[in-house]
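K.L.:
build the 3D model from these lines:
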Amino acid sequence: MIIKPADKGGAVVVMDRTLYEQEGLRQLTNPKYYREIAESVCTDTVERINEILTHLNNIGFINDDQYTYLFALIPAEPRSFYLLPKVHKDKAKWPNPRMPEGRPIVADCGSETERICKFIDFFLKPLSNYHPSYIKDTYHFVAKIRGQKIPEGAFLVTGDVTALYTNMDIDLTLTIIKEAFESVPDRGLPNDAILHLLELTLRRNDFQFAAGFSSNYAVRPCVRTTLLAWPTSFYKLLTATLWRTTENFPASTPAFYMIYF
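P.N.:
Below is the predicted model of the structure:
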C-alpha cells in the first residue's frame, strides 16, 4: 500500500500500490508534459551551476562563504516524483474507481538545485510582493478595496487556474521574469547570471518515480510540474504579470484585480 496526505482537506489516504503506480505512469507517459530520458542530466547541471557561481564569486557578487554554501553537489539520490491524491474531486472523474487523479510533485529537497532555488527566490520575492495585484492576507485585501469606486454595471468575478504548475510555459516564464528584473534596473544585479540559473532549474529537473522503476524522466522543455524547492514568490510574480497584460482580458481591462497565493 501507499500512504499519502490528500491534495486538499488534510486527510490521510491509503492507496493500493499498483493503482498508485498506474496513475503515476499514466501521467508520466503523457508526452505533452514528460519525456523519458536515457540517463540523468544531474552531473552536467552541477557543472553549469558551479560555472555561474564561480563567475559570481570572481566579480564579487557573492563572497566565499556564500559560494561554498551554494556550490552544487551531485546528490546521493535522484529527485523523486510522487502524487498527492485529489480525493476531493468528483469520483465520476477519477481515472480508476479506486484511485483518484494525483497532483504531480517532484521533491527537490537535497538536489543539486535546492539552494540555488532559494538564492533566486531572494531576488524574486521583492518583485512579486510589490506587484500591484499582490495581496498579503485578508486585512490587506480589505484595505485595498476600501474606498474603491465600483463602476456602474461592473461584475465581481473570481477565478482559479487548472493545473497551473503543469501548464506553465517555460519560455514565457523566463521572458516575464526577465521583464520584471528589467523594470527595476537600479538594483545592481547580474541579471543574466541569475536568469541563467533560473533556466537551469526550470529545464533540468529530472527525476525518478517509485522504487520499482529505474527509468529517468524529465519535464518537457516547454512545461514543468510542481517543484517543491520553489517558494510561492516565483509563482506569484509569474501569474500576476500574466494578468497584468491587457490582451489576456477578452472584453476589457478590469477596474482592478488582485491575486492571492
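K.L.:
residues of stretch 105-124 that come out buried?
P.N.:
Across stretch 105-124, burial judged by 16 or more other CB atoms under 10 Å covers 105-108, 111-117, 119-121, 123-124. Where you see a C-beta, it was placed from the backbone N, CA and C, and this is true even at glycine.
K.L.:
next, give me the two most distant ones among those.
P.N.:
Across those, the longest distance by CB to CB is 24.8 Å; it joins Ile105 and Phe123.
K.L.:
poorly predicted segments of this structure, please.
P.N.:
Where the chain drops to pLDDT under 70, the residues are 185-186, 210-253.
K.L.:
contact partners for the residue lying farthest from the centre of the chain?
P.N.:
Farthest-out residue of the chain from its mean C-alpha position, per CA atoms, centre = their mean: Glu152, at 38.1 Å. Going by CB atoms under 8 Å, 6 or more residues apart in numbering, Glu152 touches no other residue.
K.L.:
the stretch 1-150 of the chain: strands as residue ranges?
P.N.:
Assigned by DSSP state E, counting those that start in this stretch, the stretch 1-150 of the chain shows strands spanning 2-5, 12-15, 34-37, 80-85, 102-107.
K.L.:
tell me the gap between the last one and the middle of its chain.
P.N.:
The chain centroid and the centroid of strand 102-107 are separated by 11 Å, computed with CA atoms, centre = their mean, to the nearest Å.
K.L.:
repeat that for the first one.
P.N.:
When distances are taken as CA atoms, centre = their mean, strand 2-5 is centred 22 Å away from the chain's centroid.
K.L.:
before we move on, what about the third one?
P.N.:
How far strand 34-37 lies from its chain's middle: 19 Å, per CA atoms, centre = their mean.
K.L.:
just checking, what packs against that strand?
P.N.:
Applying 3 or more CB pairs under 8 Å, 6 or more residues apart in numbering; DSSP states H and E, one finds that strand 34-37 makes contact with helix 17-28, strand 216-219.
K.L.:
now do the second one
P.N.:
Packed against strand 12-15 by the contact rule (3+ CB pairs under 8 Å, 6+ apart) you find strand 2-5.
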